[in-house]
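Asker: quick one, fold the following:
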Amino acid sequence: MSLASQITALADRVATEFNAVRGEFASLISGFQTTSEKGAANGYASLDSSSDLTLSQLPVHAGSHATAGSDPVTPAAIGAATTAHVHNVTYNLAYAATLSADWNNGNHQYTTLTGDAIIGVPTNIPSGAALQYTLYASAADRTITIDSGIARVGVLPGTYVIPTGTLIRLTIENNPRGGAAGAAGPLLTALGAYQPLDSDLTDIAALTGANDDVMQKKAGHWVNRTIAQLITDLTSGLSALFQPLDSDLTTLASLTATTNNFIVSVGSAWASRTPAQAKTALAITAADVTPTPAYSFTYAATYAPNWANGEHHYCTSLTGDITIQEPTNIPSGKALKISMIATTAPRTVTVDSTILRLAGINAAFVVETGKMLELAIENNPALFDTILIAKGGN
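Answerer: Below is the predicted model:
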C-alpha cells in the first residue's frame, strides 16, 4: 500500500473514533449546567469561600406574599417577613412588679423572681401562637397573680405561690377562637406541674417528716409531729374519755371473775383467790371470826372495860350513877359495846374525858328507870385513840 493510501486510512480511523468519543462525552455531560448558569434564573446558587450560600441568593417568603413567591434576602425583606413561626428563642425577661412579655423577644421567656409579680397581658403574640414563661422563685416564696385581662382555661386559678428555690412554667396563648375558653385574646392554657394555691397544701408541702411521724393542725397550720408529741397534745382530751393508766387497774382488768372468789393483794399485786386462799393470805384465825360471849359486869361507880373479857359488856342493874373509863386491850379498828339498864331509878352515865367522842355525842346520859343505854367505843387507828362512836337505847 502506498504511503498516501496509509495516511488516508489513518485519517478515516481517527475521525471515526473521535465521533464515537464525542457522542459518549455529550451523553455524560447532558445533565450538568454550565458555569454561565451559576447565580442565574433557573440556574444554581454559588457558594462563598466558607461553602455557604451567599445572602443575595437565599430566598424567603416576605410579608407581602401570602402563599407563594420569593424575594432575595434583604434587610427590608427580613423586616417584612412574618414572625408567627419563630421557635425555640429563649429571652431573659428582667424582673418587675408587673411582667409584660413581648413576643418579638422570643416565645420562651425566663424570669428570676426577686419579689411578687403580676403576669401582665403579653404583646405581639400572633394569633394561634403561644408564649411560655419559666418563673424561678429566688430567696423566698413568691406569689404570682394572673392579670384579669388574661382568660384562664377551666379551673386554673389566678394566684399561685412558688416555693423558694423552685420554678413553674405557664403558657399563654393568643386565642383566636373565643367561645367557652373566653373571648378572643390572651388565654392561660397551662400551668406546668403546679397545684392551685391552697394554704393547707402550702403548709404540707413545707413539711419535712421522719418515719412514723404524723401531721397535726396546731394554731391554724399543719405541722409535723412525733408520736410522743401527739400523745402529749392529746392527753388533756383523752383524760376526759379514758381512765389514766394505772398498774393496779391493769392487773385487775386481767383477772378472770370467778364465783365466790375474793380479790386479794398478794406480793403487792392483786390476785383472784378462793375463800380458803383468802383466809390463808389474810392469816384469819378462829378467834377473828368466832363471836366472843357477852360479858356481864357488876355495877360500880366507875367501870374500866377490858376487851379480853369480850367485845360486848353489859350490866342488868345500875343501882347508881356510873362513869365509863377508857377501855383496855381493844384491837386496832375494833369496837367494844357496853349495855346498861337502870332498874330502880334514873341513872346518869358519864363517859370519861380520856375517850374521844364523835361530833354530836354528849359526854353524859340519863338512863330512865327500866330503860337501857348502849355505847360503842372504838380503837380508831386513824386517831390512834379510843372514841365513842355510837349511843343507842333509852
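Asker: right, and Ala308 touches Pro327 too?
Answerer: No: between Ala308 and Pro327 there is no contact under Cβ atoms under 8 Å: 10.2 Å. For every residue, glycine as well, the C-beta is placed using N, CA and C.
Asker: who's more crowded, those two?
Answerer: Pro327 (23 against 10; other Cβ atoms under 10 Å).
Asker: tell me how many other residues surround Thr258.
Answerer: There are 10 residues near Thr258, going by other Cβ under 10 Å.
Asker: what ranges do the helices span in the stretch 151-300 of the chain?
Answerer: Under the criterion DSSP state H, counting those that start in this stretch, the stretch 151-300 of the chain carries helices at the ranges 199-205, 227-239, 247-254, 275-281, 286-289.
Asker: got the ones you listed as JSON lines, with mean neighbour count and mean pLDDT columns?
Answerer: Shown next, in JSON lines, are the helices of the stretch 151-300 of the chain (neighbours: other Cβ atoms under 10 Å; pLDDT from 0 to 100):
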{"stretch": "helix 199-205", "mean neighbour count": "14", "mean pLDDT": "82"}
{"stretch": "helix 227-239", "mean neighbour count": "11", "mean pLDDT": "78"}
{"stretch": "helix 247-254", "mean neighbour count": "11", "mean pLDDT": "89"}
{"stretch": "helix 275-281", "mean neighbour count": "14", "mean pLDDT": "85"}
{"stretch": "helix 286-289", "mean neighbour count": "8", "mean pLDDT": "64"}
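Asker: I'd like the ones you listed written out as CSV, with distance to Tyr136 added.
Answerer: Below are the helices of the stretch 151-300 of the chain laid out as CSV (distance: least, Cβ to Cβ, whole Å):
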stretch, distance to Tyr136
helix 199-205, 17
helix 227-239, 35
helix 247-254, 59
helix 275-281, 79
helix 286-289, 90
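Asker: how far away is the closest residue to Asn107 other than its chain neighbours from Tyr110?
Answerer: In space, not counting the residues next to it along the chain, Asn107 is nearest to Leu131; the distance is 5.5 Å by Cβ to Cβ, 6 or more residues apart in numbering. Using Cβ to Cβ, to the nearest Å, Leu131 is found at 12 Å from Tyr110.
Asker: these two: which has the busier surroundings?
Answerer: Using other Cβ under 10 Å, the more surrounded residue of Leu131 and Tyr110 is Leu131, with 24 against 16.
Asker: whichever strand or helix holds the more buried one pairs with which strands?
Answerer: According to DSSP states H and E, Leu131 maps onto strand 130-137. Using DSSP bridges, strand 130-137 pairs in its sheet with strand 108-113 (parallel), strand 167-175 (antiparallel).
Asker: could you report the neighbour count for Asn107?
Answerer: 22.
Asker: numbering from 293 from now on, please.
Answerer: Shifting the count to begin at 293 puts that one at Asn399.
Asker: quick one: low-confidence ranges for the stretch 393-542 of the chain?
Answerer: 447, 468-489, 528-532 (pLDDT under 70).
Asker: try it again with 90
Answerer: Applying pLDDT under 90 to the stretch 393-542 of the chain flags residues 395-396, 398, 416-424, 440-517, 519-542.
Asker: hmm, Ser588 is touching Tyr606, no?
Answerer: Yes: here Ser588 reaches Tyr606: they are 5.9 Å apart, a contact under Cβ under 8 Å.
Asker: and those two? Which one has more around it.
Answerer: Tyr606 (16 against 13).
Asker: pull the contacting residues for the residue nearest the centre of the chain.
Answerer: Nearest residue to the geometric centre of the chain (Cα atoms, centre = their mean): Met507, 1.9 Å. Neighbouring residues of Met507 by Cβ atoms under 8 Å, 6 or more residues apart in numbering: Ile496, Leu499, Gly501, Trp514, Val515, Asn516, Arg517.
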